[in-house]
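Colleague: I would like to see how this sequence folds:
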Amino acid sequence: MRDVLVRGTSLRQARWHRHVGAVQAPEGMRDWLTTQGSLTARLVRSSETFRVKRLHQHAALCALEEAGPIGLPRRMRVWEREVLLCCDGQPAVFGHTVVPMSATATDWPLFSALGERSLGTTLFYDPLVARGRLEFARLRAGHPLVEQLRAALSGELQGNEFYARRCVYRRHQGLLMVTEVFLPAVLALGATPITRSET
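Modeller: Below you'll find the model as predicted:
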């Protein structure tokens, strides 16, 4: 019974690594995972049509593995935003953002009014935003984000393992964490990365 519980826990919590090599991603996927500039800008440049499809933005209980990085002592309610970044009609990236309820409008002034605009448009071009270090993981079926993604795609999700990255951003005293789960469709896009200094 204990082995079953351990396996169940491991499915629901990913192992996050600071070096992309630890997740053993294929070369094409590794290139996307390590994009240093705006992922949104790269997706726009890589496709004929780009759309941010907002799934929801509401209060929710954060995952255990999210609490520590955003300064919470335990699982607590946060503001949660989930979107699909779609290129040429195909979902390419699933974006999941959590913000502590203690964050103020001064910390993240545009967060509540994003609608179907990309969060990246504010994070990468606001000089007050400090970006933390990227972390990488392989998410398997059973992980909460994979199951939320499966629900968003009405069960039409191919595969049981997905590569993801996450990063914590700070603005004033506010923390915000973005996790991006890359779908197979992203491998059909081939534009080179855009750095933060590019317009």
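Colleague: pull out the buried positions in stretch 147-159.
Modeller: For stretch 147-159, burial by neighbour count (16 or more other Cβ atoms under 10 Å) applies to 148-149, 152, 157. From N, CA and C alone the C-beta is placed, and that goes for glycine too.
Colleague: who touches it?
Modeller: Residues outside stretch 147-159 that contact it (Cβ atoms under 8 Å, 6 or more residues apart in numbering): 55, 82, 84, 91, 94, 96, 141, 146, 162, 181, 184.
Colleague: can you tell me the helix or strand for residue 82?
Modeller: Using DSSP states H and E, residue 82 falls within strand 77-87.
Colleague: who does that strand pair up with?
Modeller: Applying DSSP bridges to the sheet, strand 77-87 is found paired with strand 50-61 (antiparallel), strand 90-100 (antiparallel).
Colleague: and the next helix or strand past the lowest-mean-pLDDT helix or strand in the chain?
Modeller: The weakest-scoring helix or strand in the chain, judged by mean pLDDT, DSSP states H and E, is helix 2-12 (a mean of 44). Remark: after helix 2-12, the chain's next helix or strand is helix 27-33, criterion DSSP H and E.
Colleague: how distant is that following helix from the center of its chain?
Modeller: The chain centre lies 15 Å from the centre of helix 27-33; the measure is Cα atoms, centre = their mean, to the nearest Å.
Colleague: pull out the buried positions in it.
Modeller: For helix 27-33, a neighbour-count test (16+ other Cβ under 10 Å) marks 29, 31-33 as buried.
Colleague: which residues touch the closest residue to residue 186 other than its chain neighbours?
Modeller: In this structure, residue 186 finds its nearest non-sequential neighbour in residue 92, 4.4 Å apart by Cβ to Cβ, 6 or more residues apart in numbering. When the contact criterion is Cβ under 8 Å, 6+ apart, the partners of residue 92 are 43, 47, 85-86, 182-183, 185-186, 189.
Colleague: what's the farthest-apart pair in those?
Modeller: Maximum pairwise distance among those (Cβ to Cβ): 14.5 Å, between 47 and 182.
Colleague: quick revisit: can you tell me which of the contacts of residue 92 is nearest residue 23?
Modeller: residue 182 (11.0 Å).
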